[in-house]
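*Asks:* with the sequence up front, the predicted model follows.
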Amino acid sequence: MRQNSEYLNLLQIITRAANSSESISNAIDVCIESICRYSKWPVGHACVLSKDEPNTLVSLSNWYLENADLYKEFIKVTEETTFKPGVGLPGRFLSSGEPAWIVDVNKDLNFPRAKIFANKEIYAGFAFPVLVGNKVVAVLEFFSDQQEELNAEFLELMRNVGTQIGRVSERESNAHHMKEEIGKVDATIQAKTNFLSSMSHEFMTPLNAIMGFGQMLETGINELSAADQEMCIRNILDGGAQLEDLIKNAILFSQIVDKKMAIERITVEAITMAKECLEHVQSKANEYEISLSLDVPSNDVSEIFIDPKYGKKIVETFLLNSIIYNHADGEAKLKVLQKNDGLVRFSIIDTGQGIKEIDHENVFKPFNRFGMENSPIGGSGIGLAVAKELSDQLDAQ
């Protein structure tokens, strides 16, 4: 009865530690010390799964030592040893997941550390796994300075202890996952805040044009010539078109950031999609006097699995840039190439002035027009940023 009462007290101490610990390392420290003091075994140690080597246990450097100097060599050997499944006292748990007891580690055939260290103050050993579900996440091992016969009841108690500590690991993992998710939400909110802050400024340019030329028409309609009135109307329409483009891209960008896009991938003929993209931008090319062409080096181009709506949006965005940032009588070529890795590459080659190499890293940042803000060429500087986000959502490269 007394032994059962002591077992219960030990389990209560460890359970309280498990419930109050914020990290598995803290819970393991309390657990190791409590078990060593209860059993009067002088050495306790913990191993955890390696972050670098799969299915391998390494020392956590959490120890309980009655006499650190006496076990200095054993500590050094242990912390330099890795344990694969089935190897050594900790390693056997990666295979079985069951607690184990060794009467004398010096005589055990599966205790490699005994061959390396010369300290004969280590004899009996027992260990048990810390489990999350059926997965071993850590192993706690203990050593006596004398031979000890198997205590099956005590070893069964240690199985329960392993389950308690496993709950701390599970709680810590869940907290880490939740923190990551909160971080993603914060990043999303920040991205939207930055975007909307810039967007509010960009809205003002077309709005000012609409309001300014509208007021000119309102107040000077009788004094303005037909040509001037036509110029005002044209600027109002251009401002309205730019504003419409901004709003559409703002909505799309918001859907991308919030991951609320309804992506519907289907099998599409790559060449057919390329031809449709060219058709959609042909009127803009005519306006800017740009010659469009399609280059398909090989007719053997595979189908692609993509959402055609967003796929064409990406290609057309680049095509439009190659048109409006070109020069009269310039050219823009859409090339569709079958790669050896099975992917299909869409490339656009044009006769425009291009982008300086120093600016390449900022190409996909919203509202960055590289000094073209005050040029007669319209644009919001958001198209490529949206195209990049769409490309990432579609797992394109």
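*Replies:* Cool, got the structure.
*Asks:* quick one: the helices in the stretch 1-150 of the chain?
*Replies:* Taking DSSP state H, counting those that start in this stretch, the helices of the stretch 1-150 of the chain run over residues 2-20, 24-39, 72-79, 88-96, 113-116.
*Asks:* now the fourth one: buried residues?
*Replies:* Of the residues in helix 88-96, those with enough neighbours to count as buried (16 or more other Cβ atoms under 10 Å) are 88-94. (C-beta placed from N, C-alpha, C; glycine too.)
*Asks:* re earlier: now the helices of the stretch 1-150 of the chain in CSV, with mean pLDDT and distance to residue 223?
*Replies:* Below are these laid out as CSV (pLDDT from 0 to 100; distance: least, Cβ to Cβ, whole Å):
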stretch, mean pLDDT, distance to residue 223
helix 2-20, 67, 83
helix 24-39, 84, 81
helix 72-79, 87, 90
helix 88-96, 80, 90
helix 113-116, 77, 99
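*Asks:* out of the ones you listed, which comes closest to residue 298?
*Replies:* For the helices of the stretch 1-150 of the chain, proximity to residue 298 was assessed by Cβ to Cβ; helix 88-96 is nearest, at 51.4 Å.
*Asks:* contacts for the closest one?
*Replies:* 47, 55, 57, 81, 83-86, 100, 102, 105, 110-113, 125, 127-129, 136, 139, 141 (Cβ atoms under 8 Å, 6 or more residues apart in numbering).
*Asks:* list the contacts for the nearest residue to residue 127 once chain neighbours are set aside?
*Replies:* Nearest residue to residue 127, sequence neighbours excluded (Cβ to Cβ, 6 or more residues apart in numbering): residue 141, at 3.8 Å. Residues near residue 141 by Cβ under 8 Å, 6+ apart: 44-47, 89-90, 125-127.
*Asks:* rewinding a little: need the buried ones from the contacts of helix 88-96 selected in PyMOL.
*Replies:* For the buried members of these, the matching PyMOL selection, counting by 16+ other Cβ under 10 Å, is:
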select buried, resi 47+57+81+83+100+102+105+111+113+125+127+128+129+136+139+141
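*Asks:* of the contacts of helix 88-96, which belong to strands?
*Replies:* 47, 57, 100, 102, 125, 127-129, 136, 139, 141 (DSSP state E).
*Asks:* what does the pLDDT read for the residue nearest to residue 127?
*Replies:* What the model reports for residue 141 is a pLDDT of 90.
*Asks:* ok, now residue 188?
*Replies:* 54.
*Asks:* and for residue 42?
*Replies:* Looking at residue 42, its pLDDT stands at 91.
*Asks:* how many other residues sit next to it?
*Replies:* 18 (other Cβ atoms under 10 Å).
*Asks:* just give the nearest non-adjacent residue to it, would you?
*Replies:* Using Cβ to Cβ, 6+ apart, the closest residue to residue 42 is residue 66 (3.6 Å).
*Asks:* what count of nearby residues applies to the one you found?
*Replies:* 14.
*Asks:* name all residues that make contact with it.
*Replies:* Neighbours of residue 66 in contact, by Cβ under 8 Å, 6+ apart: 36, 42-43.
*Asks:* residue 354: which of those residues is nearest?
*Replies:* Closest to residue 354, out of all of the contacts of residue 66 and judged by Cβ to Cβ, is residue 43, at 68.9 Å.
*Asks:* now for the closest one: which residues touch it?
*Replies:* When contacts are counted by Cβ under 8 Å, 6+ apart, residue 43 touches 36, 63-66, 71, 74, 122, 142-144.
*Asks:* distance check, it against residue 68.
*Replies:* 10 Å (Cβ to Cβ, to the nearest Å).
*Asks:* equivalent analysis for residue 60, please.
*Replies:* Counting by Cβ to Cβ, the gap from residue 60 to residue 68 is 16 Å.
*Asks:* more crowded one of the two?
*Replies:* residue 60 (20 against 10).
*Asks:* hmm, the more buried one is touching residue 29, no?
*Replies:* No. The pair residue 60 / residue 29 is not scored as a contact, 9.7 Å apart, by Cβ atoms under 8 Å.
*Asks:* next, give phi and psi for residue 40.
*Replies:* When read as degrees, to the nearest 10, the backbone of residue 40 gives phi 60, psi 30.
*Asks:* what's near enough to touch it?
*Replies:* No residues are in contact with residue 40 under the rule Cβ under 8 Å, 6+ apart.
*Asks:* returning to that earlier point: make CSV from the buried residues of helix 88-96 and add distance to residue 218 to it.
*Replies:* Output for the buried residues of helix 88-96, formatted as CSV (distance: Cβ to Cβ, whole Å):
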residue, distance to residue 218
88, 88
89, 89
90, 84
91, 85
92, 88
93, 84
94, 81
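*Asks:* wait, which of those is closest to residue 299?
*Replies:* Taking Cβ to Cβ as the measure, residue 299 lies nearest residue 94 of the buried residues of helix 88-96, at 54.7 Å.
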